[in-house]
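please find the sequence and the predicted model below.
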Amino acid sequence: MTTGTTGASGMREGTDVPVDPDFDPEATGEIPRIVIKPDEPAADKPGEESDEDTAPRALDGKARPKGTEASSADAERAADAGPAEDAGAEEPDEDDDPSRTVSIRVDVLKAAAARPPASKIPAAEAAGTVDAGDDSGDSETTVELRLPSAKARPGTPLMAPDAPQKVAQAPVAPMTPPVSESDPHGPVKPSEEAPAVPVANHQGKAAPGRWVAGAPGVGTPEQIAPEQIAPQPAPQPKPQPTPQAKARGLGAKVSALLANAPSWLPVVLVLEGLVMYVLALRVSPGPLRGVNPADIDGLGLISAMPLSAFAAIALMIIAFFVTVTQSTDRKFLLLFQIAAITFALHGAGAIVADEPRFPTAYVHAGFVDFIARTGETAASIDARMAWPGFFALFAFVTKAAGITDLTPILMWTPLLSNLLYLLPFVMILRQVVATTRARWFAALLFVLVQWIGQDYFSPQGFTFAIYLAFVAILLRWFGRVEPRTKPVAAKGLRKLLGKLDAMLPGELAITGTFRADKLLMLLLMVALFVAATASHQITPFMMLGVLTAFLLFRRTSLTWGLPFFFGLMVLAWISYQTVGFWANNLDTLFGGLGRILENLQRNTGDRIAGSDPEHAMVLQARLGILAAILVFAAAGLFRRVRRGVFDRAALILLTVPVLALGLQSYGGEIGLRIYMFALPGACLLAAYAFFPNLPADSADARDETVPMRKRNVRFNPQLTRRVSIALAAIFSIVFAMAFLVARYGNEKFERVTSGEVAAMRYVYDHDKPSARVIYLVPKIGPEVTPTLPWGERDLELVNFSLQGLVHKDPTIIANVVGKLKSSPRNTYLAVSTAQVSYLQLNEGYPDDWGQRFRAALDASKDIKRVYSNEDAALYTWKKFVKGTETPEPQPYAGVGDPTSPWTPLGVAALGVTWLALFAYEVIRLQGRDRAPRARRHILMVAIPAFVVSILVIAERFIAIGLSQGP
């Protein structure tokens with residue numbers, strides 16, 4: 001008889017031994033071992049039966065009357081007892097535990113006829129018979145269910161869910177075929193077969209519908225008469241549990257629930273934190289709840305947030321660290337927890353605001369509206385329209401979807417942008433040699449220190465996601481990790497660089513990638529770079545710099561043809577598509593080149609000088625976060641080097657954006673862009689400051705840390721691991737609180753109110769055929785933008801370029817009145833709470849300046865107030881000269897004018913260069929030694945075409961710049 005798996009009928013496949021239907025090995029996680037062995041007869045003399053032999057046995061081995069079934073008490077005693085001793089049984093394995101073996105005895109009826117003598121049975125059949133005592137009596141067969149041994153590692157399951165399940169069995173001699181009365185040596189006829197007997201299951205109850213077939217002298221179930229079946233005992237009612245038993249059962253459930261706390265506690269904590277946070281910010285203001293905008297001061301939104309909001313953020317961060325300290329990598333839960341923290345930090349503005357925050361988002365909505373209405377771009381109206389990729393994309397989407405109001409999109413774009421950033425950044429983290437804790441902590445840091453505020457509805461926020469996707473593809477599909485083969489120099493700087501190069505790479509090697517996949521990813525990289533080039537001024541240079549650095553440090557399998565391909569694309573776009581911007585502003589485009597210290601000063605010290613004392617703390621908090629993350633990044637790089645790991649990719653992502661300081665000041669905001677693009681590398685290295693070790697070398701190892709150098713380990717690894725987790729959690733909470741100060745510190749003037757939006761919409765309703773708006777500035781200059789929700793509609797009709805100079809003395813209104821007088825009809829002077837707050841926090845204007853200034857304007861005899869509410873007011877000139885009409889709006893020029901004589905030649909050279917370089921890269925994907933002759937011919941075409949393209953681009957800058965004049 002053999003053992004096998006259990007089928008739907010309750011019989012174990014490959015055997016005739018019945019299996020109890022109530023015993024489910026998948027429910028317990030334990031697969032029983034089945035050993036079938038015959039019991040030796042207890043008769044003293046051959047041919048003589050004893051009462052013990054003829055009586056069926058209970059599960060505990062004791063004799064019981066025939067026809068009776070084993071009781072539940074018998075089953076319980078049999079489960080507690082060890083296996084029945086049998087001299088002929090196989091010795092158990094070393095790992096078998098006798099206490100985990102259950103014996104089930106099966107009663108087998110003997111055939112009525114005498115069996116043939118052993119001398120008349122062939123030797124082959126005699127070797128396979130089972131001696132069960134006297135031929136004329138009943139016999140029993142023992143089925144032992146051996147559960148897996150408990151001698152496993154502490155804390156590990158007895159059987160892995162996906163592991164192959166093996167059932168061991170003892171060798172059992174096969175039973176002889178049944179014989180008939182008429183022919184002792186022949187098989188049993190179907191009409192003479194005896195019925196099978198029901199078998200008791202492991203609980204001592206009869207298994208309904210389960211029969212033993214094929215035993216010696218046993219007939220088929222179809223021939224059983226009802227009177228031949230042994231009477232079944234009546235089912236016994238289950239005893240009712242006592243109160244003490246109920247208490248013990250409840251205590252066991254509570255203990256089991258507490259033991260499984262690591263699996264459900266993080267989920268409960270993060271959900272509780274989310275609910276607490278939303279209620280803390282959205283309910284009506286009161287003690288420990290709600291946000292009152294009137295309470296916002298120089299510190300920003302954090303000054304009006306209740307304490308319960310801070311507690312909710314801390315609770316979600318603690319839940320994250322509870323999850324990350326567990327042995328298993330719970331990816332989806334960790335990603336959900338980081339998304340919840342992102343919602344709390346980056347969605348706070350949308351939760352408490354009635355209108356989309358940040359005034360510049362409204363003018364971007366105006367660009368989308370203009371392109372959707374006219375189908376054109378106009379760089380002469382605004383320089384940002386020379387890079388219209390982002391605006392054209394949303395114009396197409398909104399027009400196709402029938403969206404006329406962009407307010408919901410503007411409201412939730414910051415949150416959606418940061419959630420979008422997480423996806424490619426997590427892909428970048430998957431390509432580095434780091435522990436699970438280091439990777440997820442780097443992702444959390446990326447959310448906590450991303451206070452830069454460029455995630456609103458803007459091309460910069462859109463192209464930053466493109467930049468992250470570009471880097472992720474570069475690492476995942478085109479990464480290159482090769483060991484150093486050259487010998488290290490004996491001394492000097494070359495020795496240091498050689499040692500660094502010989503260290504273990506911090507990136508994973510790329511293997512098993514198909515050429516078709518690489519070609520598809522190359523096309524996607526080109527598409528991403530084209531989208532970034534057509535949408536933003538800075539992002540393509542960051543992408544190009546990272547690709548070039550990867551080639552210099554041999555961290556990509558791409559060739560040097562691709563940087564020339566991308567670089568020529570950027571120069572061609574600037575030369576051919578942004579003429580309306582640089583034709584009269586060459587100094588603005590190239591004036592900041594090389595002025596590193598000046599650009600750095602304008603992005604740091606100039607932003608703090610002259611600020612309100614409270615608001616200065618906001619700017620200092622931003623610089624503090626920058627300093628802290630750089631210090632942690634340096635510490636992480638040092639700790640990794642001491643472990644023999646050199647993270648070149650992370651170092652490239654950190655240092656390449658800093659080179660942008662040599663480009664230009666970018667309106668005093670190049671420092672903000674550098675910080676944002678350096679964050680991926682900085683967060684990864686900063687995570688190494690807490691978790692610098694390498695991942696385990698096998699999946700079975702519980703300890704994630706495998707230090708490279710044993711002499712660097714000075715403390716107990718378990719203690720240092722706990723200290724690292726505690727420090728990481730503490731600094732995460734500190735960074736979260738600092739984020740609220742740095743990110744929403746300008747909330748007093750970056751927050752847009754419904755009254756300000758209503759005032760601007762009054763202008764749009766009265767801008768026919770044109771209109772102008774004068775906004776307040778402390779000094780006249782091109783880099784001061786309106787602190788108004790400006791440009792949302794009618795971009796070509798309303799001019800927002802007029803500035804009105806104001807002074808700290810609110811009674812001095814001569815400058816703004818004179819500006820209003822010299823402007824044409826239908827010009828409005830706008831006064832809003834956001835403009836007043838900006839002057840107070842950044843220029844030191846008095847606290848009551850806004851009320852006194854509006855009172856002075858109301859008292860003027862030359863101007864009149866045409867619209868006002870609590871947050872904004874509009875003033876116009878009271879009396880115009882008779883016959884003065886509102887002027888027509890200025891026409892906007894197309895993007896293709898002007899041009900130069902060599903432009904057609906340059907366009908043809910560009911096409912040839914791009915085709916040749918792309919073909920070279922595609923052939924190179926097939927292998928380093930693939931078609932060398934064809935690649936040489938391609939380069940012979942690409943190099944001259946590239947030179948001609950560069951010469952034409954230079955000719956355009958010179959010819960068009962000189963023709964336009966100053």
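Arrived safely.

quick one: low-confidence parts of the chain?
Applying pLDDT under 70 to the chain flags residues 1-241, 246, 584-611, 662-668, 697-715, 881-883, 893-897, 962-966.

mind naming the longest helix for it?
Counting by DSSP state H, the longest helix found in the chain is helix 932-964.

can you list the buried residues in that helix?
Buried residues in helix 932-964, counted by 16 or more other CB atoms under 10 Å: 935, 938, 941-942, 945-946, 948-950, 952-953, 955-957, 959-961. For the C-beta atoms, the positions are set from N, CA and C on the backbone; glycine is no exception.

which elements pack onto the helix or strand that contains residue 720?
Element membership of residue 720 [criterion: DSSP states H and E] is helix 717-743. On a contact count with 3 or more CB pairs under 8 Å, 6 or more residues apart in numbering; DSSP states H and E, helix 717-743 meets helix 307-324, helix 331-346, helix 436-448, helix 613-642.

could you give the angle of it to helix 307-324?
Counting by axes from the mean of the first three to the mean of the last three CA atoms, to 10 degrees, helix 717-743 lies at 140 degrees to helix 307-324.

tell me the angle of helix 717-743 relative to helix 613-642?
Using the same axes, to 10 degrees, the inter-axis angle of helix 717-743 relative to helix 613-642 is 150 degrees.

in helix 717-743, which residues are buried?
So for helix 717-743, counting by 16+ other CB under 10 Å, buried means 721, 724-725, 728-729, 731-733, 735-736, 738-743.

from these, which is closest to residue 773?
residue 743 (28.7 Å; CB to CB).

isn't the closest one right up against residue 453?
Yes. If you go by CB atoms under 8 Å, residue 743 and residue 453 touch, sitting 6.3 Å apart.

what's the first-to-last distance across stretch 688-696?
In stretch 688-696, first residue to last residue: 16 Å (CA to CA, to the nearest Å).

ranges for the strands of the stretch 701-850 of the chain?
Here the stretch 701-850 of the chain has its strands, by DSSP state E, counting those that start in this stretch, at 771-777, 798-805, 827-832.

most tightly packed of those?
The highest mean neighbour count among the strands of the stretch 701-850 of the chain, using mean count of other CB atoms under 10 Å, belongs to strand 827-832: a mean of 25.

other SSEs contacting that strand?
Counting contacts by 3+ CB pairs under 8 Å, 6+ apart, strand 827-832 packs against helix 754-765, strand 771-777, helix 814-822, helix 849-859, strand 872-877.

got a list of contacts for the first one?
Under the criterion CB atoms under 8 Å, 6 or more residues apart in numbering, residues 354-355, 362, 771, 773, 788-790, 792-794, 798, 828, 830, 832-834, 866-867, 869-874 lie in contact with helix 754-765.

what about residue 408, is that helix, strand or coil?
State at residue 408, reduced to three classes by DSSP: H, G, I helix; E, B strand; the rest coil: helix.

and it, how far from residue 468?
Separation of residue 408 from residue 468 (CB to CB, to the nearest Å) stands at 25 Å.

so what's residue 269 closest to, chain neighbours aside?
Nearest residue to residue 269 in three dimensions, chain neighbours excluded: residue 319, at 3.5 Å (CB to CB, 6 or more residues apart in numbering).

got it, and residue 652?
Closest residue to residue 652 apart from its sequence neighbours, by CB to CB, 6+ apart: residue 549 at 4.4 Å.

is it true that the one you found touches residue 656?
Yes. The pair residue 549 / residue 656 is scored as a contact, 5.3 Å apart, by CB under 8 Å.

just want the angle from the helix holding residue 720 to helix 331-346.
Helix 717-743 and helix 331-346 meet at an angle of 30 degrees, taking the same axes, to 10 degrees as the criterion.
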